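1. sharing a sequence plus its predicted fold:
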Amino acid sequence: MEKIKTQVSQQRHTNTKTKVAVAYGDGIGPEIMKATLNILEAAGADIEPEIIEVGEKVYLSGNSSGIEKKSWEVINKNKIILKAPITTPQGKGYKSLNVTLRKSLGLFANVRPVSALHPYVHTHFPNMDVVIIRENEEDLYAGIEHQQTQDVVQCLKLITRPGCEKIVRYAFEYATLYGRKKVTCMVKDNIMKLTDGLFHNVFKEIAAEYPEIKSESQIIDIGSARLAANPENYDVVVTSNLYGDIVSDIVAEIAGSVGMAGSANVGKNVAMFEAIHGSAPDISGKGIANPSGLINAAVMMLIHIGKVGIANKIKNAWLTTIEQGYHTADIYQEGQSIQKVATSEFADKIIENLGQQPEKLAAIQLDENAGSITIPEYNRPKETQVLVGTDVFINWQGSNPNEIGEALAGLKSYNLKLKMITNRGVKVFPNGMPETYCTDHWRCRFVSNEAITTGSDKTYPSVAFEQILALLSNINEAGFEVIKTENLYEFDGKRGFSLGQGE
Ligand code: NAD
């Protein structure tokens with residue numbers, strides 16, 4: 001089976017200089033990047049930075065993507081990016097650079113390890129050690145949004161089987177490689193049965209292939225509440241894009257400081273490493289920012305490119321420095337810290353400590369293969385897809401569902417017949433409730449009038465696309481404005497659409 005190797009194999013040599021696209025970013029970005037690069041150099045990481053211009057300056061020069069063409073060339077050549085945070089200018093029209101980079105470069109996995117450094121960094125959860133693995137390309141982040149009527153806007157939530165398989169398998173492979181014991185899946189499939197249901201089903205399928213790793217699933221609302229209340233009970237968490245965005249910030253916050261955690265954005269060919277925090281304009285230029293987030297990101301980068309020994313050395317020197325009590329202002333605690341240090345002084349202490357092991361905090365000793373995560377290429381099985389009807393969305397300013405319902409029920413188009421109308425997902429025709437609030441956005445479901453009942457489920461005979469075209473034409477002639485359609489399909493006889501509430 002062909003495999004996706006999420007690593008830059010040509011760069012897996014410990015003794016050669018590795019070219020890395022480096023973005024100094026905005027705000028505190030240049031300060032923490034300088035500190036990080038100094039540590040990499042002192043540790044003998046043999047990194048050759050090639051600077052790329054991204055962020056505020058590029059945005060304000062009129063480039064709405066925030067990245068110059070030249071920078072794309074450097075990224076495509078080097079395949080590895082170390083990026084400091086950037087400032088996205090306020091106002092409409094600026095596209096998120098992070099989303100652009102993640103999606104254009106296929107960086108499907110966002111990996112964010114967060115652990116407590118008790119008692120050196122204040123946290124209520126001294127034993128927490130959680131890795132959030134967030135799907136990075138799909139979900140509501142597809143950015144497909146439309147205003148469909150005066151009252152209604154929509155955002156499309158796209159979840160794909162290949163996307164779920166990649167991220168879930170990545171999570172289990174990560175757990176295997178790093179000696180983790182449990183993977184928790186967080187979804188909301190009690191409500192979103194098809195999209196989150198797919199993520200959950202794929203999780204169950206893939207979890208079965210890793211019997212040595214415990215697996216569990218939680219609904220995102222109670223899951224994130226429990227994660228915030230008892231993070232010690234979690235190990236690896238895998239979830240979709242939006243939920244992952246939220247839970248990874250919760251976890252970073254409760255560990256002590258947003259300045260501490262690094263993250264990796266990993267794809268088939270390219271990977272990007274960055275701190276989780278932003279450009280912190282409130283402390284920019286003061287030389288007091290904590291560079292730990294970017295240092296930890298750089299450690300993840302070194303592991304990814306196979307320089308695991310250097311990664312261990314830097315991480316242990318960093319832990320030693322924290323343990324000795326040299327702390328930047330954000331983590332400084334009277335009685336616990338011994339000295340409040342500036343960004344550059346903190347980096348100098350880490351450099352002094354290269355080769356040291358922490359005495360109280362657990363030292364890191366990853367083996368040389370720690371960065372190699374290989375996952376199978378998606379193999380699409382053949383399924384039979386049958387068209388069985390259509391949902392027609394209509395912009396109608398009336399308020400009585402029976403009026404539009406009776407008008408549409410009277411339309412003839414081969415054997416296609418109005419089955420129901422919903423408004424915001426709730427059935428309002430036939431037999432709606434007078435209390436249901438209706439907007440100007442009506443979803444009208446047309447299926448064959450000869451539904452087949454098999455057990456508890458209804459299936460429908462296939463319809464030809466021409467029937468749907470004729471139906472749309474009839475609706476248009478009847479004076480209704482069609483704003484969109486969604487075809488209804490069955491896949492291998494299984495319904496590929498949700499029922500309306502009350503259907
Ligand atoms: P932020 O993370 O920059 O700052 C939040 C708070 O945390 C501030 O009080 C800040 O001083 C503090 N903080 C952050 N990093 C710190 C560090 N390393 N050391 C000490 N204190 C630190 O979040 P924000 O203020 O919401 O955003 C500022 C800008 O950053 C915005 O323009 C936002 O769009 C951008 N941003 C960029 C990224 C990225 O490039 N990956 C991520 C998040 C936000």
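-> It's in.

2. near the ligand, which residues of the stretch 251-400 of the chain?
-> For the stretch 251-400 of the chain, the residues in contact with the ligand (CB under 6 Å from any ligand atom) are 258-259, 274, 277-283, 289-290, 293, 330. In this view, the C-beta of every residue, glycine as well, is placed from N, C-alpha and C.

3. in those residues, find the pair that's most separated.
-> Farthest-apart pair in those is E274 and D282; separation 19.4 Å (CB to CB).

4. which of those two has more residues huddled nearby?
-> Shown here are E274 and D282; by other CB atoms under 10 Å, E274 has more neighbours (26 against 8).

5. which residues does the helix or strand containing Q154 contact?
-> Take DSSP states H and E as the rule and Q154 turns out to sit in strand 153-155. With contacts defined as CB atoms under 8 Å, 6 or more residues apart in numbering, strand 153-155 is touched by 140, 144-148.

6. of those, just the buried ones, PyMOL syntax please.
-> Only the buried entries of those go into this PyMOL selection, using 16 or more other CB atoms under 10 Å:
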select buried, resi 140
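
7. show me where pLDDT drops low in this protein?
-> Scanning the chain for pLDDT under 70 picks out 1-16, 451-458.

8. run the last query once more with 50
-> Within the chain, the segments meeting pLDDT under 50 span 1-3, 7-14.

9. ok, back up a step: can I get the contacts of strand 153-155 in TSV including distance to D221?
-> What follows is those, written out as TSV (distance: CB to CB, whole Å):
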residue	distance to D221
L140	16
I144	25
E145	24
H146	27
Q147	28
Q148	28
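
10. so which of the contacts of strand 153-155 comes closest to L40?
-> The closest of the contacts of strand 153-155, once distances to L40 are taken by CB to CB, is L140, at 36.1 Å.

11. still on that earlier bit, the residues of the stretch 251-400 of the chain next to the ligand in strands, which ones?
-> Among those, the ones falling in strands (DSSP state E) are E274.

12. now the residues of the stretch 251-400 of the chain next to the ligand: which count as buried?
-> Of those, these count as buried by 16+ other CB under 10 Å: 258-259, 274, 277-280, 283, 289-290, 293, 330.

13. just the ones of those residues in helices?
-> Cross-referencing these against helices under DSSP state H gives G293.

14. give me the outermost residue of this structure relative to its centroid.
-> G410 (46.0 Å; CA atoms, centre = their mean).

15. what does the stretch 1-150 of the chain put close to the ligand?
-> 28, 85-88, 98.

16. how much space between Y120 and G502?
-> The gap separating Y120 from G502 is 56 Å, by CB to CB, to the nearest Å.

17. which of these two has more neighbours?
-> Y120 (23 against 14).

18. show me the contacts for L294.
-> 32-33, 35-36, 82, 84, 262, 274-275.

19. if we go to 6 Å?
-> Each residue near L294 by CB atoms under 6 Å, 6 or more residues apart in numbering is listed here: 32, 36, 275.

20. point me to the residue of the protein nearest the ligand.
-> G278 (2.4 Å; CB to the nearest ligand atom).

21. the residue nearest to that residue when sequence neighbours are not counted: helix or strand, and which one exactly?
-> In space, and not counting its chain neighbours, G278 is closest to P85: 4.9 Å by CB to CB, 6 or more residues apart in numbering. Counting by DSSP H and E, no helix or strand carries P85.
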